[in-house]
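Colleague: Sharing a sequence plus its predicted fold:
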There are 2 protein chains.
Amino acid sequence: MEQSPPRNTSVTVADVARMAGVSKATAARVLGGYGTVSERVREAVTAAARALNYRPNELARSMTTGRSGTIGVVVGDIENPFFSLAVRGITDIARQAGFTVILTNSGENAETEKAAIRTLLAKRVDGLIVSPASESDIDHLREATRSGLPMVLLDRGSEALDVDTVIADDRHAAETVTRKLIALGHRRIAYITACDTPDHCFRMVQDINTGSVRRRIEGYLSVCAEAGLTGMEKWVRVGAVKSEQTHSIVAELFRSPERPTAIIASDSMIALEIFKVHRQLGLSIPGDVSLVSFHDADWTSVTTPTVTVVRQPVYDLGTTAAKLLVERLNGAAPAARKVVLKSEIVERASTREAYGDC
Amino acid sequence: MEQSPPRNTSVTVADVARMAGVSKATAARVLGGYGTVSERVREAVTAAARALNYRPNELARSMTTGRSGTIGVVVGDIENPFFSLAVRGITDIARQAGFTVILTNSGENAETEKAAIRTLLAKRVDGLIVSPASESDIDHLREATRSGLPMVLLDRGSEALDVDTVIADDRHAAETVTRKLIALGHRRIAYITACDTPDHCFRMVQDINTGSVRRRIEGYLSVCAEAGLTGMEKWVRVGAVKSEQTHSIVAELFRSPERPTAIIASDSMIALEIFKVHRQLGLSIPGDVSLVSFHDADWTSVTTPTVTVVRQPVYDLGTTAAKLLVERLNGAAPAARKVVLKSEIVERASTREAYGDC
């Protein structure tokens, strides 16, 4: 922080010491509840602390109890209903176990994630639940676990981190969805994701740093290959983060001479944008293009047509991650566990047989 | 915390002291950067801290800089897109100003909010942005501000708290919407909100503890009264928090012999449930019932029909609250400011003239 100190800063140990007429070290001993001081000094410091409305700090508490009663959570994008639902799962379990959840948002950016982790460590959280923005840029996570801090990875694993991990069966879900589309005669099947690559182009699946999405694209490509569809990498679009970006990706796909006949949206916010664009361009779902979306967002059942979705076990991802973490916070120390939860395909009205020459 | 201490607890000052062979008070002096110790002792403690991977704690940092670099935010329901968008506004400004946001969720429950505030104070946040669950149950907020902690109220003010407040023009927006519905011939206009009363019944507007919603209902009732519609309190429904609750409220309204011809939904999650129920019951929007919703949620523009909404300045509520707070954190100390931001009515296709005898 390079700004000037605020006028209304909170009361510090130094303020209490000054008022009580003792050294900062002595005040810290009294306030922190350690060391020995005379009864007279203890009373003076306590009275000063009360008069100044000194807030007992976290360090004093964690020196006594060994924990701060908080779980730190880092999600990729809190505006994505996937994460807000997962956070509800985490919070429900944490509350039952007597922990408060504090939440930070990485915006799917590894640098912001590092700052968030630093903050949570400085706040002395008892444990972390993280959806890493990148599977490879994880030194900061490794460092946090090395200090003995329990950590659970949510929705996205990392081979490089030996910690509890809770993910959905993303590859299997993508395989099932792709197989259904191929069975309906689709050959030009686009896959759109918010994940990005340095040059915003997709060449191969290794370009994708987010585990859950990489597994989905692997599933999609492998089922296509089985069906004799090669070179499908050209149908993968990355970087659909903000609605404007998604809008131009979808518009470009729809306007190209070789339009896709089906699209798989990697999250519900992308599906929503597809819905907006297809109307603007006068296209029909599923008449002109079939649509399947990951995440059974609430609105997908009220549109015309309703949207076929991969219903991921989002709430359960959250509760399971929190349960694994709470177990460790309560003293259990098993080897790292990898939990894979099942998704379900909910068939609605947004897919049908491919038209024309497909 | 009444659980047994975890095995992998984080390294404490006591651990460092033990390894360095000094007292806890001495280790705390070195690690906290205050008091005087010999060079030899300082080196021993520093080496032990390094070996044990001791994480410098927040207290030490805030004793030096007077701040922790974090803003604590308490929202009513992070699953409500209103709040996740407002949080993005807060985060965008906070990041520019060099602050990290840590977020907690009250679930619109005053007790949970108190626990959240306690946690954030213990984490020594530099300032707070709060959407109070209740306007009257605010002793914990008053106490936090008394200690000199800057606080901004978001979306909901409280007469009893003299702090910066950023709200939308809820009353005016509700008046405009109600006037439009009355002009279309509607007389049986229901208002549905997530806010609740102790016995889940609405009798008078004073029953509503959430400022933003109370102002809306005031606007709705006053415009109705102007138009000669009295006793409209019977059309207000409270407690539509979870989708099941909203579902039964809406179903009961739709099935009653005297069905409303128009509904105002106080948030987009309620509007979504109305959409689901009307289809299940074979009703038509706007043929059988007109719908207006607060919050221009993304999905409201892709349904059939599209939904007429009150577009609240949600992102701006967040950025404005964060700006006011950052100003104070940077030393400004003006009198408490009350900012009211304008909403806009977006007319879409979910309203039309009342049918039949209305």
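Modeller: Received it, and whenever you're ready, just let me know what you need.

Colleague: Contact residues of the stretch 151-300 of chain A facing chain B?
Modeller: A:243, A:269, A:272, A:275, A:276, A:279, A:297, A:298, A:299 (CB under 8 Å from any CB of the partner chain). Heads up, the C-betas are built off the backbone N, CA and C, glycines and all.

Colleague: give me the element residue A:42 is part of.
Modeller: Applying DSSP states H and E as the criterion places residue A:42 in helix A:39-52.

Colleague: which residues sit against that helix?
Modeller: Defining contact as CB atoms under 8 Å, 6 or more residues apart in numbering or on different chains, one finds that helix A:39-52 is touched by A:11, A:15-17, A:19-22, A:26-27, A:30-31, A:37, A:54.

Colleague: And the furthest pair within those?
Modeller: For these, the farthest-apart pair by CB to CB is A:11 and A:37; their separation is 19.6 Å.

Colleague: Residue A:267: neighbour count?
Modeller: Residues near residue A:267, counting by other CB atoms under 10 Å in any protein chain shown, number 25.

Colleague: again, but for residue A:41
Modeller: For residue A:41, using other CB under 10 Å, the count is 18.

Colleague: what does residue A:15 give?
Modeller: Residues contacting residue A:15 under the criterion other CB under 10 Å number 17.

Colleague: just checking, it is part of a helix?
Modeller: Yes. When DSSP: H, G, I helix; E, B strand; the rest coil is applied, residue A:15 is found to be in a helix.

Colleague: which ones are touching it?
Modeller: Per CB under 8 Å, 6+ apart, neighbours of residue A:15: A:52, A:54.

Colleague: Now with 10 Å, please.
Modeller: By CB atoms under 10 Å, 6 or more residues apart in numbering or on different chains, the contact list for residue A:15 reads A:9, A:24, A:27, A:48, A:49, A:52, A:54.

Colleague: again, but for residue A:293
Modeller: Residues in contact with residue A:293 (CB under 10 Å, 6+ apart) are A:177, A:192, A:263-272, A:274-275, A:300, A:307-310, A:348, A:350.

Colleague: The same query, at a cut-off of 8 Å, please.
Modeller: For residue A:293, the contact set (CB under 8 Å, 6+ apart) comprises A:264, A:265, A:267, A:268, A:270, A:271, A:300, A:307, A:308, A:309, A:310.

Colleague: Which helix or strand contains residue A:194?
Modeller: Using DSSP H and E, no helix or strand contains residue A:194.

Colleague: Surely it touches residue A:240?
Modeller: Yes. Using CB atoms under 8 Å, residue A:194 is in contact with residue A:240, at 5.1 Å.

Colleague: Could you count how many residues lie near the residue of chain A found nearest chain B?
Modeller: Residue nearest to chain B within chain A (CB to the nearest CB): residue A:299, separated by 3.5 Å. Using other CB under 10 Å, residue A:299 has 23 neighbouring residues.

Colleague: these two touch, right, it and residue B:272?
Modeller: Yes. Residue A:299 is in contact with residue B:272 according to CB under 8 Å; the separation is 6.2 Å.

Colleague: okay, and the common contacts of those two?
Modeller: Joint contacts of residue A:299 and residue B:272 (CB under 8 Å, 6+ apart) are B:297, B:299.

Colleague: Pull the number of nearby residues for residue A:142.
Modeller: Residue A:142: 14 surrounding residues under other CB under 10 Å.

Colleague: same check, this time on the one 5 residues further on
Modeller: Applying other CB under 10 Å, we find 14 other residues in the vicinity of residue A:147.

Colleague: Tell me which stretches of the stretch 251-358 of chain A form helices.
Modeller: Ranges of helices in the stretch 251-358 of chain A, per DSSP state H, counting those that start in this stretch, are A:268-280, A:314-329.

Colleague: helix/strand/coil for residue A:167?
Modeller: Classified using three-state DSSP, residue A:167 is strand.

Colleague: Roughly how far does it sit from residue A:17?
Modeller: Per CB to CB, to the nearest Å, residue A:167 is found 51 Å from residue A:17.

Colleague: Check residue A:351 too.
Modeller: From residue A:351 across to residue A:17, the span is 70 Å (CB to CB).

Colleague: next one: residue A:98
Modeller: Distance of residue A:98 to residue A:17, given as CB to CB: 33 Å.

Colleague: How about residue A:94?
Modeller: Distance from residue A:94 to residue A:17, by CB to CB: 36 Å.

Colleague: Neighbour count: the two, which is higher?
Modeller: Set residue A:94 next to residue A:17 and count neighbours by other CB under 10 Å: residue A:94 wins out with 26 against 23.

Colleague: what secondary structure does the more buried one sit in?
Modeller: State at residue A:94, reduced to three classes by three-state DSSP: helix.

Colleague: now swap in residue A:26 and tell me
Modeller: Assigned with three-state DSSP, residue A:26 falls in the helix class.

Colleague: residues touching the residue nearest to residue A:112 when sequence neighbours are not counted, list them.
Modeller: Nearest in space to residue A:112, with sequence neighbours left out and distances taken as CB to CB, 6 or more residues apart in numbering or on different chains, is residue A:106 at 4.9 Å. Each residue near residue A:106 by CB under 8 Å, 6+ apart is listed here: A:74, A:75, A:76, A:77, A:112, A:113, A:116, A:131, A:133.

Colleague: Would you agree residue A:163 is in contact with residue A:145?
Modeller: Yes. Using CB under 8 Å, residue A:163 makes contact with residue A:145 at a distance of 5.8 Å.

Colleague: higher neighbour count, the two?
Modeller: Shown here are residue A:163 and residue A:145; by other CB under 10 Å, residue A:163 has more neighbours (23 against 17).

Colleague: what touches both of residue A:194 and residue A:240?
Modeller: Contact criterion CB under 8 Å, 6+ apart; residues shared by residue A:194 and residue A:240: A:266, A:270.

Colleague: more neighbours, the two?
Modeller: Per other CB under 10 Å, whichever of residue A:194 and residue A:240 has more neighbours is residue A:240, with 25 against 22.
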